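Student: below is the structure, and that's it, no one-letter string:
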């Protein structure tokens, strides 16, 4: 574990805000690698902090019935160890050409909770050509990498996400020199908070939890540049903001996570937390979001998540179930419903080199039992390249 950590952090240049070298530190540069690593790398850094740096500060953990205050809680929470702001979406050009995109900003508190490490991921997919582009950045806190307190204002290099006074968000990102976007994200409905009493539990341990704030539907407009072509785009996106100091239980090896935006205006967020014996953790759940923002929670004994559509990666050898089928009861109608996620591109694997954690995450369509498209999805599959839980313990 220590070797993986040093591979991730040891080669990253640390610069002070004006870019001059400190005499008490090695020379540092911002490290950028072609593949994108998962937010699980951030968890890995966090859980290995005490082994690497010595005695660890006690970080906050989510408390029941916390009084959320907005826009304050859209901003950074430096007393927690791990935090990320995660946006995935579907874009369409004026010529009806379709794209998927991902933009994620991470904050990791160092053991003294006074300094922070910032990672960011960007990705764009083009189903027309089967192209999947992705990029990763890792920076120490400074003038060009930060997450502000009190409101949403994030930066990693020239990648930014900032909330405006009217509640809209501006997102600027790029992928290598091949793609770039400038997008306006407008909430089509208010944010929701997942979990009982404001806590999203991932395990029995009190620390295996997060504050989980989501905008389940954002209207998107702006400009996309893709391989030299500039085009106006519109679409819809999903935004997660999670705040925690640890999330996984010790017996969990990975998870399958999905978000769905239905054509009827509803949404669904669900996941299977996979345990060492292959069974789903009782902390797995499906969360249906109605048009008015009300949430209906279904536990794993009330739905079936069946793996399917396996795709084997040439890069990592992982065999990912990229087309899962979920069988459950539609809380609106009370009738059985079948939901199948079908990827727009088979290869949407993020081959993580910084922390040695690879995963699959990509855009898809959602079909009902008759094969009719009834919505769009983003699917995340982790722990298929070795035991994720082992790396996080």
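Tutor: That came through, no problem. It should be emphasised that the depicted structure is a prediction, and the values quoted were computed from it without experimental measurement. Residues are numbered from 1 along each chain as shown.
Student: how about the residue nearest the centre of the chain, what does it touch?
Tutor: The centre of the chain sits closest to residue 86, judged by Cα atoms, centre = their mean, with a distance of 4.4 Å. Residue 86 is in contact with 39, 102-104, 239-242, counting by Cβ atoms under 8 Å, 6 or more residues apart in numbering. Backbone N, C-alpha and C define where each C-beta goes, glycine included.
Student: what do you get if the cut-off is 10 Å, keeping everything else the same?
Tutor: Contacts of residue 86 were listed using Cβ atoms under 10 Å, 6 or more residues apart in numbering, and they are 39, 102-106, 121, 214, 238-242, 259, 361, 378, 380.
Student: hey, what's it bridged with?
Tutor: For residue 86, the beta-bridge partners are residue 104, residue 240 (DSSP bridges).
Student: and the gap between it and residue 123?
Tutor: Distance of residue 86 to residue 123, computed by Cβ to Cβ, to the nearest Å: 12 Å.
Student: shared neighbours, the two?
Tutor: Taking Cβ under 10 Å, 6+ apart as the criterion, residue 86 and residue 123 both touch 102-104, 361.
Student: can I get those residues in a markdown table with distance to residue 293 and neighbour count?
Tutor: Compiled in a markdown table, these are given as follows (distance: Cβ to Cβ, whole Å; neighbours: other Cβ atoms under 10 Å):
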| residue | distance to residue 293 | neighbour count |
| --- | --- | --- |
| 102 | 24 | 25 |
| 103 | 24 | 28 |
| 104 | 24 | 25 |
| 361 | 26 | 25 |
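Student: tabulate those (JSON lines), appending distance to residue 305 and pLDDT.
Tutor: Below are those laid out as JSON lines (distance: Cβ to Cβ, whole Å; pLDDT from 0 to 100):
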{"residue": "102", "distance to residue 305": "22", "pLDDT": "95"}
{"residue": "103", "distance to residue 305": "27", "pLDDT": "96"}
{"residue": "104", "distance to residue 305": "24", "pLDDT": "92"}
{"residue": "361", "distance to residue 305": "17", "pLDDT": "91"}
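Student: how about the helices in the chain?
Tutor: Remark: helices assigned in the chain by DSSP state H are 2-9, 40-47, 49-53, 388-392.
Student: rank those helices by pLDDT, which is bottom?
Tutor: Among the helices of the chain, helix 2-9 has the lowest mean pLDDT, at a mean of 31.
Student: the closest residue to residue 207 other than its chain neighbours and residue 211, how far apart?
Tutor: In space, and not counting its chain neighbours, residue 207 is closest to residue 246: 4.3 Å by Cβ to Cβ, 6 or more residues apart in numbering. Computed as Cβ to Cβ, the residue 246 to residue 211 distance reads 13 Å.
Student: quick one: residue 334 and residue 191, what's the gap?
Tutor: 27 Å.
Student: more neighbours: those two, which one.
Tutor: Using other Cβ atoms under 10 Å as the criterion, residue 334 and residue 191 rank with residue 191 on top: 16 against 7.
Student: would you confirm that the more buried one contacts residue 211?
Tutor: No - the criterion here is Cβ atoms under 10 Å, and residue 191 misses it with residue 211 at 11.6 Å.
Student: overlap in contacts, the two.
Tutor: Taking Cβ under 10 Å, 6+ apart as the contact rule, residue 191 and residue 211 both touch 68, 73, 241.
Student: the residues you listed into CSV, with extra columns for pLDDT, neighbour count and distance to residue 322?
Tutor: Formatted as CSV, these follow (pLDDT from 0 to 100; neighbours: other Cβ atoms under 10 Å; distance: Cβ to Cβ, whole Å):
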residue, pLDDT, neighbour count, distance to residue 322
68, 97, 12, 35
73, 98, 20, 34
241, 98, 23, 26
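Student: would you list the residues you listed in TSV and tack on distance to residue 137?
Tutor: Converted to TSV, those look like this (distance: Cβ to Cβ, whole Å):
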residue	distance to residue 137
68	29
73	25
241	19
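Student: OK, contacts around residue 338?
Tutor: Per Cβ under 10 Å, 6+ apart, neighbours of residue 338: 304, 306, 325-328, 330, 367-371.
Student: try 8 Å this time
Tutor: So residue 338 contacts 325-327, 368-369 (Cβ under 8 Å, 6+ apart).
Student: does residue 270 have beta-bridge partners, and which?
Tutor: Beta bridges link residue 270 to residue 258, residue 286, judged by DSSP bridges.
Student: whoops, I mixed them up, residue 319
Tutor: On the basis of DSSP bridges, residue 319 is bridged to residue 312.
Student: what does residue 236 give?
Tutor: residue 90, residue 219.
Student: residue 175: how many residues sit nearby?
Tutor: Neighbourhood size, residue 175 [other Cβ under 10 Å]: 23.
Student: isn't it right up against residue 131?
Tutor: No - at 10.3 Å, residue 175 and residue 131 do not qualify as touching, with contact defined as Cβ atoms under 8 Å.
Student: quick check: the nearest residue to residue 190 once chain neighbours are set aside vs residue 79, distance?
Tutor: Nearest residue to residue 190, sequence neighbours excluded (Cβ to Cβ, 6+ apart): residue 293, at 5.5 Å. Separation of residue 293 from residue 79 (Cβ to Cβ) stands at 28 Å.
Student: list the contacts for residue 339?
Tutor: Contacts of residue 339 (Cβ under 8 Å, 6+ apart): 260, 268, 325-328, 366-368, 374.
Student: just the buried subset of the residues you listed, written out for ChimeraX, thanks.
Tutor: Here is the ChimeraX selection string for the buried members of the contacts of residue 339, based on 16 or more other Cβ atoms under 10 Å:
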select :260,268,325,326,328,366,367,374
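Student: nearest to residue 282, of the contacts of residue 339?
Tutor: Residue 282 has its nearest neighbour among the contacts of residue 339 in residue 328, at 16.2 Å by Cβ to Cβ.
Student: I'd say that closest one and residue 334 touch.
Tutor: No - Residue 328 lies out of contact with residue 334 (Cβ under 8 Å); the separation is 11.4 Å.
Student: what do the two both touch?
Tutor: Common neighbours of residue 328 and residue 334 (Cβ under 8 Å, 6+ apart) do not exist.
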